[in-house]
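Student: sequence and predicted structure, then a few things I'm wondering about:
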Amino acid sequence: MSDQPTTTTIQFDDFAKIQLRVAKVLEAFEHPKADKLMVLKVDLGNEQRQICAGIRGHYTPEQLVGRNIVVVANLAPRMMRGLESNGMLLAASNADHSRVILLTTEADIEPGASVS
């Protein structure tokens, strides 16, 4: 049995609004104004974007470049410590966030591929 709290359920139509896509990490660097943020430049096939993610301390920039990750592609942009983030990567973490694991593809696939 899990100690995770019960979550609110959503309808399929709500889930269908989320566009999950494969993105290839082209560049990565530590956010200059945030201890926990990493800044990624990613390729979504038809465009490149910048995403800020709270994975600093779990990954180095060198571990990220060239990897496929799964992102929420239709999330509204938001400013994160002075840099715009245009999407959100997906990761799994334990309860205290001492371990963070990126969601990725089992095999290589083109950037922009749909995840469902």
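Tutor: Here it is on my side, so go on. In this text the structure is predicted, and so the values were computed from the model without any measurement.

Student: going forward, measure contacts between C-alpha atoms and count neighbours the same way
Tutor: Noted.

Student: show me the strands in the protein, by range?
Tutor: Assigned by DSSP state E, the chain shows strands spanning 20-30, 38-43, 48-53, 68-72, 78-80, 83-85, 88-89, 91-93, 100-102, 114-115.

Student: nearest to residue 8, out of these?
Tutor: Within the strands of the chain, the stretch nearest residue 8 is strand 91-93; the backing value is 18.9 Å (C-alpha to C-alpha).

Student: report the beta-bridge partners for the residue most central in space within the chain.
Tutor: The chain has residue 89 as the residue nearest its centroid, 0.7 Å off, counting by C-alpha atoms, centre = their mean. Assessed by DSSP bridges, residue 89 has beta-bridge partners residue 71.

Student: could you measure the residue nearest to residue 72 when sequence neighbours are not counted against residue 98, distance?
Tutor: Leaving aside its sequence neighbours, residue 72 sits nearest to residue 20 (C-alpha to C-alpha, 6 or more residues apart in numbering; 4.8 Å). From residue 20 across to residue 98, the span is 25 Å (C-alpha to C-alpha, to the nearest Å).

Student: quick revisit: can I get the strands of the chain in TSV including distance to residue 108?
Tutor: As requested, these are arranged in TSV below (distance: least, C-alpha to C-alpha, whole Å):
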stretch	distance to residue 108
strand 20-30	10
strand 38-43	14
strand 48-53	18
strand 68-72	7
strand 78-80	29
strand 83-85	25
strand 88-89	17
strand 91-93	18
strand 100-102	15
strand 114-115	13
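
Student: number of nearby residues for residue 101?
Tutor: 14 (other C-alpha atoms under 10 Å).

Student: what's it in contact with, if anything?
Tutor: Shown in contact with residue 101 (C-alpha atoms under 8 Å, 6 or more residues apart in numbering): 91, 92, 93.

Student: distance check, residue 31 against residue 51.
Tutor: Distance, residue 31 to residue 51, using C-alpha to C-alpha: 11 Å.
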